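Undergrad: need coordinates for the following:
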Amino acid sequence: MDAAIAKADVLIEALGYIRRFRGRQMVIKLGGSAMEEADALRTTLQSIVFLSTVGLRPILVHGGGKPIDRAMAASGLQPKKVLGRRITDDATLAIVVRVLTEEINHGIVRQLRELGGRAAGLHTSMQVLFGERLALDAEDGSKIDLGRVGQVTRADLDLINDLTQAGVIPVIPSLAHDADGGWLNVNGDTAAAGVAAKLQASKLVMMTDTPGILRNRKDPESLIASLTTEGCRQLIRDGIIDSGMIPKVEACLDALKAGVGKTHIIDGRLRHSLLLEIFTDTGVGTEIVL
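TA: Just a heads-up that it's a prediction; the model follows:
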């Protein structure tokens with residue numbers, strides 16, 4: 001009986017959050033082990049179906065870093081990256097598009113449906129992201145040409161809104177169309193932040209392979225539960241936020257600046273971390289606010 005009462009207490013704790021976010025859109029960036037490990041992926045997708053079932057409007061954005069690397073290796077191609085961005089020539093782009101749309105996106109949509117959710121992959125005939133080519137600034141002031149790499153400049157908000165209002169979960173690969181209808185490879189974190197910003201979403205959740213932002217990367221107990229924009233900037237200056245965490249944090253800060261309500265960085269390896277972060281008083285990751 002005590003166990004049953006404890007479960008009821010959890011539901012009551014979640015009730016206030018369900019009421020607060022019911023009908024609100026939230027963008028979830030899926031990556032890392034949350035996408036690579038079968039059990040972690042299934043648990044995450046179960047959580048997303050739960051969100052949709054209780055009246056929230058989740059939008060899922062995914063990349064495909066490791067599967068793309070494996071597909072390139074199988075084709076005899078060596079991945080090349082600059083500042084975390086994949087240099088994308090025509091041969092690489094063909095692999096990126098195939099893996100993201102035909103393998104990862106299709107698989108996620110299928111699993112969501114198997115779990116009782118309604119989902120639609122938004123690409124090809126239902127493309128929702130549009131963009132322009134991205135060039136990085138070099139230290140000498142010149143531009144670094146990344147090939148068919150882009151950034152999101154526009155999203156088909158009407159299509160996304162129509163689907164979420166109907167209880168359908170949009171599943172969006174990190175690809176955009178340019179002005180000529182050609183594909184652009186977009187960084188998954190910046191794609192998710194771009195979607196959240198265009199939608200003015202209530203939340204942007206980044207699922208990673210760490211508990212969140214740590215003061216000491218070797219100590220999970222050093223998790224920082226909440227940060228402001230200025231707090232993030234200071235941790236970057238101090239070198240505490242570094243390496244691959246910087247693009248994720250910068251994407252969160254861009255989203256907040258554009259009007260997203262709150263951003264979160266959570267561990268996709270932790271069972272139901274998405275629900276724990278959204279529906280409990282303590283949360284499990286790092287929230288970032290203005």
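Undergrad: now the helices for the stretch 101-250 of the chain?
TA: For the stretch 101-250 of the chain, applying DSSP state H, counting those that start in this stretch gives helices covering 106-114, 157-165, 188-199, 229-237, 245-257.
Undergrad: name the helices or strands packed onto the third one?
TA: The contact analysis (3 or more C-beta pairs under 8 Å, 6 or more residues apart in numbering; DSSP states H and E) places helix 188-199 against strand 25-30, strand 57-62, strand 129-137, strand 143-155, helix 157-165, strand 203-208, helix 245-257. For the C-beta atoms, the positions are set from N, CA and C on the backbone; glycine is no exception.
Undergrad: as a markdown table, these with distance to D189, mean neighbour count and mean pLDDT would be great.
TA: Converted to a markdown table, the helices and strands packed on helix 188-199 look like this (distance: least, C-beta to C-beta, whole Å; neighbours: other C-beta atoms under 10 Å; pLDDT from 0 to 100):
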| stretch | distance to D189 | mean neighbour count | mean pLDDT |
| --- | --- | --- | --- |
| strand 25-30 | 6 | 27 | 96 |
| strand 57-62 | 9 | 26 | 97 |
| strand 129-137 | 13 | 17 | 88 |
| strand 143-155 | 11 | 19 | 90 |
| helix 157-165 | 19 | 16 | 97 |
| strand 203-208 | 7 | 27 | 95 |
| helix 245-257 | 4 | 21 | 92 |
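Undergrad: using PDB, write out the CA atom coordinates for the helix or strand where L93 lies.
TA: L93 is part of helix 90-97, with elements assigned from DSSP states H and E. What follows is helix 90-97 as a C-alpha-only set of coordinates in PDB (Å, rounded to 0.1, in the frame of the first residue of the first chain):
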ATOM      1  CA  ASP A  90      28.400  16.500 -52.000                       C
ATOM      2  CA  ALA A  91      29.300  12.900 -51.200                       C
ATOM      3  CA  THR A  92      29.100  13.500 -47.500                       C
ATOM      4  CA  LEU A  93      25.800  15.400 -47.900                       C
ATOM      5  CA  ALA A  94      24.200  12.400 -49.700                       C
ATOM      6  CA  ILE A  95      25.100  10.100 -46.800                       C
ATOM      7  CA  VAL A  96      23.900  12.700 -44.200                       C
ATOM      8  CA  VAL A  97      20.500  13.000 -45.900                       C
END
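Undergrad: centre of the chain to that helix, how far?
TA: Its chain's C-alpha centre lies 21 Å from the corresponding centre of helix 90-97 when counted by C-alpha atoms, centre = their mean, to the nearest Å.
Undergrad: so which residues make contact with that helix?
TA: Residues outside helix 90-97 that contact it (C-beta atoms under 8 Å, 6 or more residues apart in numbering): 64, 68, 71-72, 75, 77, 79, 86, 88, 147-148, 175, 183, 185.
Undergrad: swap in stretch 106-122?
TA: Contacts with stretch 106-122, where a contact means C-beta under 8 Å, 6+ apart, come from 30, 41-42, 45-46, 48-49, 52-53, 60, 62, 101, 105, 126, 128, 159-160, 163, 166-173.
Undergrad: of the helices of the stretch 101-250 of the chain, which is nearest G212?
TA: Among these, the nearest to G212 by C-beta to C-beta is helix 245-257 (9.6 Å).
Undergrad: quick check: next helix or strand after the closest one?
TA: strand 262-267.
Undergrad: picking that back up, and the helices and strands packed on helix 188-199 as a markdown table, adding distance to L115?
TA: Shown next, in a markdown table, are the helices and strands packed on helix 188-199 (distance: least, C-beta to C-beta, whole Å):
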| stretch | distance to L115 |
| --- | --- |
| strand 25-30 | 14 |
| strand 57-62 | 13 |
| strand 129-137 | 25 |
| strand 143-155 | 26 |
| helix 157-165 | 17 |
| strand 203-208 | 17 |
| helix 245-257 | 27 |
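Undergrad: quick one: closest of the ones you listed to L214.
TA: Minimum separation from L214 across the helices and strands packed on helix 188-199 (C-beta to C-beta) falls at helix 245-257, 9.0 Å.
Undergrad: CA atoms of that closest one as CSV?
TA: Taking C-alpha atoms only, helix 245-257 is exported to CSV below (Å, rounded to 0.1, in the frame of the first residue of the first chain):
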residue,chain,number,x,y,z
MET,A,245,29.3,21.7,-24.1
ILE,A,246,29.9,25.3,-25.4
PRO,A,247,27.8,24.9,-28.6
LYS,A,248,24.9,23.4,-26.5
VAL,A,249,25.0,26.2,-24.0
GLU,A,250,25.3,28.8,-26.8
ALA,A,251,22.3,27.3,-28.5
CYS,A,252,20.3,27.5,-25.3
LEU,A,253,21.3,31.2,-24.8
ASP,A,254,20.3,32.0,-28.4
ALA,A,255,16.9,30.4,-27.8
LEU,A,256,16.4,32.3,-24.5
LYS,A,257,17.3,35.6,-26.2
